[in-house]
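[1] return a 3D structure for these sequence lines:
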Amino acid sequence: MSAAMPTLDRHLAGQFLRNTAMVAAATVVVFMVLDVLLGFQLLTRQAPSPWTKLELFACRVPGLLNFAIPVAAVISVLATAAPMLRRGEFTALGAAGIPLQRSTRALLIGCLALGMVDTVVADLATPPATARALALQDLLEGQNREGRVWRSDDGSTWFAGGAKLVGVDQPVLKQVVVAGPDAMVLAGRIVWSRGGWSSPTGCTVLRVEGGAQRLERVPPGPLPRGAALALAPDDLYRRLLPRYTMTSAELLARAERADIAMFWSRLVRVLIPPLAAMAALAVFVRFRNRDRIAVAVVQATGAGLLPVVLLVLAGMAADTAPFHPALAVASGCVLASIPPLWLWWRWRM
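    Numbers count the residues shown, from 1 in each chain. Sure thing, here's the model as predicted:
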């Protein structure tokens, strides 16, 4: 029996990987076609290069992979187990003293590996690709990026009511307010020129010195003291984008509560494929399901969705939980693990 197990593991791993590759590729292609159809108006826009539109849709592939990989993992587990169930192979393995949990371990190991790949893609590939896709979309549509609040390296807090940073000869920030430790600067707009930011219309500065406030007008030119902005337009555009376009390193560097919450919620992606597969297998591989595969697939899919929903809800609640986001996510992981582990422990043909 010990010699047969590595052979079984290799066989299941090979079938699982082939099924996963086909399902993931088909899912990406289908959703890419839908993405092109829904965004067809972008194809009619003028672009600086014929490759711009192709790059836009290519940048959306990592995000599609983050959807396709977990789906492909669960579908591939069921597709691999279905022929064995129909042919009675699980019954034969059980009669030989090989329990269901042992005979399907290669599938769970494969799901865990896919969860790791999915997490790496979601952290390192999807955020910069999404940011680039948004920049290209702004370029094609000629839109301003909605203003946001951010902090500069010197600790000043910045707000811009509008920003046009890509696809223009002169990047510009509009309706700028800078709150520094001892001054507040207001500017109608600032522009990037000759490697630095300046105000072509001048600024208004409210300084606080010795408990007294003093209002002064700064003529057009370089930004005044306390309003230095060292970020180039591309770097600033990256910072103005939503949190989901940031890698874990960038989230941890900002270290705001919402950033920490997103960091931890992103890490739980590694558990989605194995937990979903455990629940789905335990419901699917039953003797009574040999002649009703289609019904069993629906039931197994529903069981596999439960831990996924709980993990997603845990990530969503991390930012608003009354305790540390890591503890909120960990609590959600424990809660999401209970149903599949219980089904797995009680799994019998």
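[2] for the lengthiest helix in the chain, name the packing helices and strands.
    Assignment by DSSP state H gives helix 4-38 as the longest helix of the chain. Packed against helix 4-38, as judged by 3 or more CB pairs under 8 Å, 6 or more residues apart in numbering; DSSP states H and E, are the following elements: helix 51-58, helix 61-87, helix 105-120. Using the backbone N, CA and C atoms, a C-beta is placed for each residue, glycine as well.
[3] can we see that at 6 Å?
    helix 61-87, helix 105-120 (3 or more CB pairs under 6 Å, 6 or more residues apart in numbering; DSSP states H and E).
[4] and the longest one with helix 51-58, angle?
    Relative orientation of helix 61-87 versus helix 51-58 (axes from the mean of the first three to the mean of the last three CA atoms, to 10 degrees): 40 degrees.
[5] quick one: average confidence on whatever helix or strand comes next after helix 61-87?
    Once helix 61-87 ends, the next helix or strand along the chain (criterion: DSSP states H and E) is helix 89-95. For helix 89-95, the mean per-residue pLDDT is 87.
[6] and the next element down the chain from the worst-scoring helix or strand of the chain on mean pLDDT?
    Averaged element by element with mean pLDDT, DSSP states H and E, the chain has its least confident helix or strand at strand 145-146 (a mean of 65). Following strand 145-146 in sequence order, the next helix or strand is strand 149-151 (DSSP H and E).
[7] ok now that next one, how far from the chain's centre?
    22 Å (CA atoms, centre = their mean, to the nearest Å).
[8] repeat for stretch 112-122
    Computed by CA atoms, centre = their mean, the chain-centroid distance of stretch 112-122 equals 11 Å.
[9] ok, and for that stretch, which residues are buried?
    Residues of stretch 112-122 classed as buried by neighbour count (16 or more other CB atoms under 10 Å): Leu112, Ala113, Leu114, Gly115, Val117, Asp118, Thr119, Val121, Ala122.
[10] which strand runs longest in this protein?
    Secondary structure of the chain per DSSP state E: the longest strand is strand 183-193.
[11] flag every buried residue along that one.
    In strand 183-193, the ones that count as buried by 16+ other CB under 10 Å are Ala183, Met184, Val185, Ala187, Arg189, Ile190, Val191, Trp192.
[12] between those residues, which is closest to Trp158?
    Using CB to CB, the shortest approach to Trp158 within these belongs to Val185, at 9.5 Å.
[13] can you tell me how far that closest one is from Leu223?
    According to CB to CB, to the nearest Å, Val185 stands 7 Å off from Leu223.
[14] phi, psi of the residue positioned nearest the centre of the chain?
    For the chain, the residue sitting closest to the mean C-alpha position, by CA atoms, centre = their mean, is Ala122 at 4.5 Å. Backbone torsions for Ala122, taken as degrees, to the nearest 10, come to phi -70, psi -30.
[15] can you read off the pLDDT for the nearest residue to it once chain neighbours are set aside?
    The shortest distance from Ala122 to any non-neighbouring residue, by CB to CB, 6 or more residues apart in numbering, is to Asn66 (5.0 Å). Listed pLDDT for Asn66 reads 94.
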